[in-house]
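S.K.: Task: produce atomic coordinates for the following.
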Amino acid sequence: MPSLWKEEPLKFESRISLNNMRARHHRARYQIVWCILLLSALVLTGGQSMAASVRCEDIADVSIDEWYPDENFNYKTRLVVATNKNIHHGIARALFRFDIPSDIEVAEIKSANIYLSACANCGGGNGGTVGFFALNKPFDEAADTWSSLEGGDWDDSVYSQAILPEGNSWNQAENGEPPPDVKGFDITPLIQDNLDKVRANGIMMRFLDEHQEPFTHQNVASRESTDPLDFSPRIIIQQKESICPAEVMFQEEPKTLHQLRRFRDQVLEKTPAGRTFIGLYYGCAPKISALLSANEDLRLQARTVLKRLLAIILP
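M.R.: The predicted structure is shown next:
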């Protein structure tokens, strides 16, 4: 039976038209994606410079003790540091490794603090001046001992020091989380000057004078502790302030910046999801700003489309 219609091949001009339409479609999708990213940046920051705060969790920790050279202490819920001639310990040192994101660069770091909690049910100690050093080699929290690590291998070319308080109630947690008035120990010099080793291998905490008289020791909660009065060790890295994408896009339009701030403060800040979204944004805003600053065509195109979208979503 003959066909009721005949399929003709596309003419050359038609194929060109179809290809052009596809190209326009891809360009439109590209613009939409960028508009979503940039609009998120603008409404989240409200046209203000910002500094990102990055929380780096403890992913491994263990103590090593000179008097118990072949014992692995990972079963303990505490980390102990001690000087020589102690009643219960030889020289003891604490080892930590933290999950520091690979995309954090030294040039971006403004400050860094390590947060430790007294081990609430470990009896406490007299405290004293400790140093934080980068390790030269990684450690295995489930297997390593004083003997296997030969007391630990650390880089003493740069370190940060702090005074561990005495007792067992400092930085006491609330339901396993740091209290509102938690105090950190500044390790900015260590992180800025030895970031690669800290990220790859970890940190050692030890008393700077391990032969002092009288002897001293102190306990801090390890990540294994489930006591609600303890929290696990962590590092908070504060990054330097960066220019907000809104300032790049609308630096000569204060009215638009004001609208964005109002949307952020009156809408996003009032919901948990909005506040979470604001926090997540801080990590990508510097890269968006840098890309906009370096690409004038993209900046102008995105600005034109964004202004149309802003007219729809902002009051």
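S.K.: ranges for the helices of the stretch 101-250 of the chain?
M.R.: All helices of the stretch 101-250 of the chain, identified by DSSP state H, counting those that start in this stretch, fall at 146-149, 188-200, 245-250.
S.K.: For the stretch 101-250 of the chain, which segments are assigned as strands?
M.R.: Using DSSP state E, counting those that start in this stretch, the strands of the stretch 101-250 of the chain run over residues 109-115, 128-135, 154-164, 185-186, 203-207, 217-221, 234-239.
S.K.: most packed of the helices of the stretch 101-250 of the chain?
M.R.: Sort the helices of the stretch 101-250 of the chain by mean neighbour count, taking mean count of other Cβ atoms under 10 Å, and helix 245-250 sits at the top with a mean of 24. Every C-beta, even on glycine, is put in place using the N, C-alpha and C of the backbone.
S.K.: With only the CA atoms kept, save that helix in PDB.
M.R.: In PDB, the C-alpha atoms belonging to helix 245-250 read as follows (Å, rounded to 0.1, in the frame of the first residue of the first chain):
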ATOM      1  CA  PRO A 245      29.300  38.700  43.600                       C
ATOM      2  CA  ALA A 246      26.600  41.300  44.300                       C
ATOM      3  CA  GLU A 247      29.300  43.900  44.700                       C
ATOM      4  CA  VAL A 248      30.900  42.900  41.400                       C
ATOM      5  CA  MET A 249      27.500  42.900  39.600                       C
ATOM      6  CA  PHE A 250      25.700  45.900  41.100                       C
END
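S.K.: What is that helix packed up against?
M.R.: helix 12-45, helix 254-266, helix 285-294, helix 296-313 (3 or more Cβ pairs under 8 Å, 6 or more residues apart in numbering; DSSP states H and E).
S.K.: Determine the next helix or strand in the C-terminal direction from the longest one.
M.R.: I take that to be helix 12-45. Per DSSP states H and E, the first helix or strand lying C-terminal to helix 12-45 is strand 53-65.
S.K.: and that next one, what's its mean pLDDT?
M.R.: For strand 53-65, mean pLDDT is 95.
S.K.: Alpha carbons of it, as CSV, please.
M.R.: Extracted C-alpha coordinates of strand 53-65, given in CSV (Å, rounded to 0.1, in the frame of the first residue of the first chain):
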residue,chain,number,x,y,z
SER,A,53,34.1,29.6,58.5
VAL,A,54,35.2,26.0,57.7
ARG,A,55,34.7,23.3,60.4
CYS,A,56,37.2,20.5,60.1
GLU,A,57,36.2,17.4,62.1
ASP,A,58,38.5,15.0,63.9
ILE,A,59,38.8,11.8,61.9
ALA,A,60,41.5,10.1,64.0
ASP,A,61,43.1,10.5,67.4
VAL,A,62,45.1,8.5,69.9
SER,A,63,47.6,9.0,72.7
ILE,A,64,51.0,7.4,73.0
ASP,A,65,52.7,6.8,76.4
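S.K.: so what's the most centrally placed residue in the chain closest to, chain neighbours aside?
M.R.: Among the residues of the chain, V54 comes closest to the average C-alpha position under Cα atoms, centre = their mean, at 2.5 Å. Nearest residue to V54 in three dimensions, chain neighbours excluded: I237, at 4.5 Å (Cβ to Cβ, 6 or more residues apart in numbering).
S.K.: Contact partners for that neighbour?
M.R.: Counting by Cβ atoms under 8 Å, 6 or more residues apart in numbering, I237 makes contact with S53, V54, C56, I100, I104, I109, S111, A112, I191.
S.K.: what do you get if the cut-off is 7 Å, keeping everything else the same?
M.R.: Taking Cβ atoms under 7 Å, 6 or more residues apart in numbering, we find I237 in contact with V54, C56, I104, I109, A112, I191.
S.K.: Just give me the neighbour total for K240.
M.R.: Counted with other Cβ atoms under 10 Å, residues neighbouring K240 total 13.
S.K.: cool, D186 as well?
M.R.: Counted with other Cβ under 10 Å, D186 comes out at 15.
S.K.: can you pull the pLDDT of it?
M.R.: pLDDT, D186: 98.
S.K.: one step back: mean pLDDT for the helices and strands packed on helix 245-250: which is lowest?
M.R.: helix 12-45 - the lowest mean pLDDT of the helices and strands packed on helix 245-250, at a mean of 49.
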